[in-house]
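**Student:** model this:
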Amino acid sequence: MSNKLEVIGITKQILSKALEDNTYWTGPLAPMSKSKAKWLLSNPRIDDDDYFGVIGLENKTLIAFIYMIPDLVQIPNGELKKAYWIIHWWVASQYKNTVFSTYIYNEAVNLTGKQILIKAYTENVEAFYSKQPFTVFHTRPRCTLFFSLDTNTIVGRFPRLKPFRAIISVMDTGSYKLIKTLNLAKLKHKTKHLTYEYINELDEITWQFIQERSKQDLIYKTKDYVNWQLSSAQYVQTPLIKKHPYSSLETGMSNNIYIHNFKILKDNILIGFVAYTINFNECNIKYFLVKEDSDVNTCVDAFMDNFLATKSTFIFTDDEVVATAISKRFRSIFTYKVLKKALIHKKTTLDAESLTIQNCDGHFY
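**Tutor:** Residues are numbered from 1 along each chain as shown. Predicted coordinates:
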């Protein structure tokens, strides 16, 4: 390793100063976009000495980043405790299999006093976590619904098909158009009685609707917090991404990235609230709340009405009820399910056995 290697814990105060000085946005790769950094700083529940992560630099070049978000966990007795989500652990390829990779991860854990939560992790780090002082406190299926053949997925899973990418791409486009046509036909009469009110900020009626359905959530919800979580300020459109002076590790920049938050009204009565992020051809559902269980199918129809108006070809959701309803009511190519495990550090002050992640918890995509 270079003797010019630095490991820096990034607090709210440090991140604010870094933005003023343009510290981490002068090279080709930044930990996150400036808009994402400003959005983080606007979080109403973060103190100046709370950590957003740890950065590793070699000769001022970014070689590692642990991305964290402080949050408030509500425990059964009503008390609130601060914990930190680890969102992303990135290390440059030349350091991935070295002691530095583990060192910077442990540095992030220690800076938080080991108050760490992990909503989900990828399969390639499962062996690492099995040897660390973490315990699984919740499992849930993550569903991906595909509405086209998806060229990137097919070529990624079957590299031998790469020479046939152009042919697969044509089939991908054709399958998307066919599935979309069939689903639009299914929707023809299903949503005539519905209206959608699109919002940038929660009004009091919508907030009361969300609050009533968030009482059992792991994370303590307030109106300001949900407004922050669903703010469009965290994203920036880049029509000519190649002209942008830097790329970003964290999601936040794209030539097609935005968030939609909307109320579903039936006879002017609020029966559902949905929020989802679109990033290129991906749709990621953040909130899907209904007035009554009997409103699920109607709200799924409303969501699909909006989804089909985009050019997205697949949907991510941790809500198996929603995924099942979409699969039953609409055509898709296939649905991929994987069991995701949520982890908690064994030295945290939280009682793992009393905690359960709900669908609206920990969405920071």
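
**Student:** What residues of the top helix by length along the chain count as buried?
**Tutor:** Scanning the chain for the longest helix, with DSSP state H as the assignment, gives helix 165-187. For helix 165-187, the neighbour count (16 or more other C-beta atoms under 10 Å) marks 168, 172, 175-176, 179-180, 183, 187 as buried. Just so you know, the C-beta spots here come from the backbone N, C-alpha and C atoms, and that holds for glycine as well.

**Student:** tell me, how many neighbours does the closest residue to P239 other than its chain neighbours end up with?
**Tutor:** The shortest distance from P239 to any non-neighbouring residue, by C-beta to C-beta, 6 or more residues apart in numbering, is to N255 (5.5 Å). Neighbour count for N255, taken as other C-beta atoms under 10 Å: 13.

**Student:** Identify the residues contacting N255.
**Tutor:** Going by C-beta atoms under 8 Å, 6 or more residues apart in numbering, N255 touches 237-241, 280.

**Student:** Which two among these are spaced furthest apart?
**Tutor:** Using C-beta to C-beta, the two most remote members of these are L240 and F280, lying 14.9 Å apart.

**Student:** neighbour count winner among those two?
**Tutor:** Legend: neighbour count by other C-beta under 10 Å for L240 and F280, higher for F280 (11 against 7).

**Student:** Show the pLDDT at the closest residue to the more buried one other than its chain neighbours.
**Tutor:** Once flanking residues are discounted, F280 sits nearest to N256: 5.2 Å by C-beta to C-beta, 6+ apart. Per-residue pLDDT puts N256 at 92.

**Student:** picking up where we left off before, state the distance from the residue nearest to P239 to G156.
**Tutor:** Distance, N255 to G156, by C-beta to C-beta, to the nearest Å: 21 Å.

**Student:** And for L343?
**Tutor:** Noted for L343: a distance of 26 Å to G156, by C-beta to C-beta.

**Student:** ok so, going back, Serialize the buried residues of helix 165-187 to TSV and add fields for pLDDT and distance to P31.
**Tutor:** Formatted as TSV, the buried residues of helix 165-187 follow (pLDDT from 0 to 100; distance: C-beta to C-beta, whole Å):
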residue	pLDDT	distance to P31
I168	86	34
D172	87	33
S175	92	37
Y176	92	34
I179	95	37
K180	95	37
N183	96	38
L187	93	41
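
**Student:** now these in JSON lines, with distance to K131?
**Tutor:** What follows is these, written out as JSON lines (distance: C-beta to C-beta, whole Å):
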{"residue": "I168", "distance to K131": "39"}
{"residue": "D172", "distance to K131": "40"}
{"residue": "S175", "distance to K131": "42"}
{"residue": "Y176", "distance to K131": "43"}
{"residue": "I179", "distance to K131": "43"}
{"residue": "K180", "distance to K131": "46"}
{"residue": "N183", "distance to K131": "45"}
{"residue": "L187", "distance to K131": "49"}
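
**Student:** Just give me the closest of those to E204.
**Tutor:** Set against E204, the nearest of the buried residues of helix 165-187 by C-beta to C-beta is L187 (31.1 Å).

**Student:** ok, now which ones touch that closest one?
**Tutor:** Contacts of L187 (C-beta under 8 Å, 6+ apart): 301, 304-305, 308.

**Student:** So which of the residues you listed wins on neighbours?
**Tutor:** M304 (22 neighbours).

**Student:** dump the residue contacts of that one.
**Tutor:** M304 makes contacts with 183, 187, 326, 329-330, as judged by C-beta under 8 Å, 6+ apart.

**Student:** Apply 6 Å and report the result again.
**Tutor:** F330 (C-beta atoms under 6 Å, 6 or more residues apart in numbering).

**Student:** For the residue nearest to F280, give its distance to I205.
**Tutor:** N256 is 31 Å from I205, by C-beta to C-beta.
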